[in-house]
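[1] give me coordinates for this.
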Amino acid sequence: MTIKRILVLLLLISGLSPLKSVHAQQKAPNKSLPALQQDFVDLGFGMFIHYGMPTFMNQDWSDPDAALSLFKSPKFDADQWAKAAKAANMTYGCLTTKHHSGFPIWNTKTTPYNVMHTPFGRDVVKEYANAFRKNGLKVMLYYSILDTHHGIRPNQITPEHIQMIKDQITELLTNYGEITALVIDGWDAPWSRISYDDVPFEDIYHLIKSLQPNCLVMDLNAAKYPAEALFYTDIKSYEQGAGQFISKEHNKLPALACLPLQANWFWKTSFPGTPVKNVDELVNKFIVPYNNAYCNFILNVAPNADGLIDENAVQALKEIGKLYKKPEKVPQVPEHDAPIISSNLAKHVKSNSSWSDDMNIMDFANDDNFGSAWVSNSEVKSPWYELNFEKARPINMLVITQGRNTKSAYTLQYFASGKWQPLKTKKGDQNSKIQIFRFDRVWAEKIKLAIQSPDGPPSIAEVGAYNERR
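    Sure thing, here's the model as predicted:
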């Protein structure tokens with residue numbers, strides 16, 4: 001009997017399966033979030049891969065009821081994708097597992113409308129993950145909350161829809177090995193209009209961390225939230241094609257910037273004969289300086305309907321590889337607050353304040369819009385702002401986003417059992433646009449901010465109140 005068979009026999013006698021033992025040995029130890037964020041920034045440069053039903057329709061969003069018969073990729077080769085990424089000195093890939101029209105490209109049990117019921121009939125996520133790992137690249141996945149085929153869209157989301165989202169994410173994080181990051185889209189964006197209350201962000205966030213504690217949660221929501229804090233994401237994201245550009249001079253957070261190599265995210269029939277973006281500019285204007293600003297750059301490359309990357313894109317990636325080398329060491333990400341992941345209890349509740357500036361009244365500071373603001377009237381010497389929940393709510397965090405260029409400090413109180421009590425005596429950091437106060441949970445009927453603003457009338461874009469899980 002060989003040593004291998006003896007070991008297997010011993011495992012069976014002990015009640016363990018050989019597969020479970022190997023899996024346990026391969027599981028990476030859990031890391032802290034700051035360590036994972038630094039690891040992500042250290043990766044430097046990766047390949048975004050938009051591939052799915054839109055590939056076969058010459059569109060970026062496919063018909064949500066597109067015929068399954070359209071999906072044919074006779075030369076599909078995920079290994080070609082991985083080798084093209086390696087040639088560019090990329091360190092990882094990120095594949096669109098399901099885009100906004102709701103077509104999953106993995107072997108899902110949640111819906112028959114998926115890649116396994118097409119003429120192609122193969123699990124794209126599995127082949128991608130295997131190919132990238134074989135080539136020494138890390139694996140990330142993209143997933144859209146918005147799903148127009150299954151009706152997961154504004155004003156009609158049901159508990160069944162939320163369960164489908166949870167089941168699909170569970171499949172992706174259970175069946176395809178270690179996933180470095182799950183990039184989520186179509187959630188709390190101005191165009192998707194699915195809020196973090198409609199599909200509860202905190203529930204999904206904790207589900208992901210329970211399945212894979214080392215998986216970063218990355219929501220592509222930079223269009224709405226300020227750049228100075230991590231609102232509903234582990235990594236701050238910037239979609240350059242949508243006009244979102246990171247400040248190389250001022251960014252202090254772990255970040256991701258993305259841009260397509262070709263003209264669009266998904267492949268178009270014009271791509272083989274259309275020049276791709278300028279390689280030298282990509283490397284020297286974006287990738288290299290962004291790496292020095294705590295930002296990982298992900299370049300989208302769209303495989304064609306045959307399932308291959310076009311030759312002009314392959315050549316461009318080789319040229320990038322000649323110009324770009326991942327830095328031996330990128331700068332250490334500055335210390336920063338943990339992400340804000342809970343529902344905002346202050347959104348649209350009753351508010352009150354001292355005398356406001358004309359047309360900038362108190363409601364603007366809790367309207368879930370960072371572009372508007374409450375502004376104190378310049379005559380007020382001791383300005384204050386108040387949230388009224390009308391009944392006691394559990395709260396353990398306040399987030400104040402200042403408006404304009406004012407720098408204010410805050411003394412916080414909460415109202416409970418008929419009296420005001422101090423909530424936090426320490427004044428906020430007047431040099432920070434966003435001030436995050438975490439504290440032991442209190443039951444508050446009201447929250448009041450007494451404001452000290454030495455450089456002019458205070459302005460508040462948003463006050464958020466949260467009861468986060470700890």
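[2] you'd agree residue 128 is up against residue 95?
    Yes - between residue 128 and residue 95 a contact is recorded at 4.9 Å, counting by Cβ atoms under 8 Å. All C-beta spots, glycine's among them, are computed from the backbone N, C-alpha and C.
[3] so the two - more neighbours on which side?
    residue 95 (28 against 25; other Cβ atoms under 10 Å).
[4] three-state assignment of the more buried one?
    strand (DSSP: H, G, I helix; E, B strand; the rest coil).
[5] what about residue 379, neighbour count?
    Neighbour number of residue 379 under other Cβ under 10 Å is 9.
[6] downstream of the worst-scoring helix or strand of the chain on mean pLDDT, the next helix or strand is which one?
    Least confident helix or strand of the chain, by mean pLDDT, DSSP states H and E, is helix 18-26 with a mean of 36. Per DSSP states H and E, the first helix or strand lying C-terminal to helix 18-26 is helix 33-43.
[7] mind showing which ranges of the stretch 101-250 of the chain have poor pLDDT?
    Of all residues in the stretch 101-250 of the chain, none has pLDDT under 70.
[8] strands along that one, start to end?
    Taking DSSP state E, counting those that start in this stretch, the strands of the stretch 101-250 of the chain run over residues 138-144, 181-185, 216-219, 236-239.
[9] adding distance to residue 406 and mean neighbour count, write these out as CSV.
    Below are the strands of the stretch 101-250 of the chain laid out as CSV (distance: least, Cβ to Cβ, whole Å; neighbours: other Cβ atoms under 10 Å):
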stretch, distance to residue 406, mean neighbour count
strand 138-144, 38, 23
strand 181-185, 33, 25
strand 216-219, 29, 24
strand 236-239, 23, 24
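[10] quick one: closest of those to residue 466.
    strand 216-219 (16.5 Å; Cβ to Cβ).
[11] return the distance of that closest one from the chain's centre.
    When distances are taken as Cα atoms, centre = their mean, to the nearest Å, strand 216-219 is centred 3 Å away from the chain's centroid.
[12] and what of stretch 100-109?
    Stretch 100-109 has its C-alpha centroid displaced from the chain centroid by 19 Å (Cα atoms, centre = their mean).
[13] return the set of buried residues in that stretch.
    Neighbour-count burial for stretch 100-109 flags 100, 101, 102, 103, 104, 105, 106, 107, 108 (criterion: 16 or more other Cβ atoms under 10 Å).
[14] with just CA atoms, put that stretch into PDB.
    Extracted in PDB, the C-alpha atoms of stretch 100-109 (Å, rounded to 0.1, in the frame of the first residue of the first chain):
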ATOM      1  CA  HIS A 100     -27.600  44.500 -15.800                       C
ATOM      2  CA  SER A 101     -29.800  42.500 -18.200                       C
ATOM      3  CA  GLY A 102     -29.600  39.500 -15.900                       C
ATOM      4  CA  PHE A 103     -27.900  36.800 -17.800                       C
ATOM      5  CA  PRO A 104     -25.600  34.600 -15.500                       C
ATOM      6  CA  ILE A 105     -22.600  33.100 -17.300                       C
ATOM      7  CA  TRP A 106     -22.000  30.400 -14.600                       C
ATOM      8  CA  ASN A 107     -23.800  27.100 -13.800                       C
ATOM      9  CA  THR A 108     -26.400  28.700 -11.500                       C
ATOM     10  CA  LYS A 109     -29.300  26.800 -10.000                       C
END
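[15] what's it in contact with?
    Stretch 100-109 is contacted by residues 51-54, 61-64, 66, 95-98, 110-111, 113-116, 123-126, 144, 146-150, 152, 167-168, 171-172, 175-176, 185-186, 192 when judged by Cβ atoms under 8 Å, 6 or more residues apart in numbering.
[16] which ChimeraX command selects the buried ones in these?
    Remark: buried members of those, expressed as a ChimeraX selection using 16+ other Cβ under 10 Å:
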select :51,52,53,54,62,64,66,95,96,97,98,110,111,113,114,115,116,123,124,125,126,144,146,147,148,149,150,152,168,171,172,176,185,186,192
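[17] which parts of the stretch 201-350 of the chain are helices?
    Using DSSP state H, counting those that start in this stretch, the helices of the stretch 201-350 of the chain run over residues 201-211, 279-281, 288-291, 311-323.
[18] would you put the C-alpha positions of whatever helix or strand comes next after the longest one in PDB?
    Using DSSP H and E, the helix or strand that directly follows helix 311-323 along the chain is strand 350-353. Extracted in PDB, the C-alpha atoms of strand 350-353 (Å, rounded to 0.1, in the frame of the first residue of the first chain):
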ATOM      1  CA  LYS A 350     -37.700  65.400  10.600                       C
ATOM      2  CA  SER A 351     -34.900  67.900  11.100                       C
ATOM      3  CA  ASN A 352     -34.600  71.300  12.700                       C
ATOM      4  CA  SER A 353     -31.800  73.900  13.000                       C
END
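[19] helices or strands next to strand 350-353 in the packing?
    strand 384-402 (3 or more Cβ pairs under 8 Å, 6 or more residues apart in numbering; DSSP states H and E).
[20] right, and the helix or strand after the strand it packs on?
    Per DSSP H and E, strand 384-402 leads on to strand 409-416 as the next helix or strand towards the C-terminus.
[21] buried ones in the top helix by length along the chain, by neighbour count?
    In the chain, with assignment by DSSP state H, the single longest helix is helix 159-174. Neighbour counts over helix 159-174 (16+ other Cβ under 10 Å) mark 161, 162, 164, 165, 166, 168, 169, 171, 172, 173 as buried.
[22] between these, which is closest to residue 210?
    Closest to residue 210, out of all of the buried residues of helix 159-174 and judged by Cβ to Cβ, is residue 173, at 9.3 Å.
[23] give the contact list for that closest one.
    Each residue near residue 173 by Cβ under 8 Å, 6+ apart is listed here: 179, 182, 208, 211, 212, 215.
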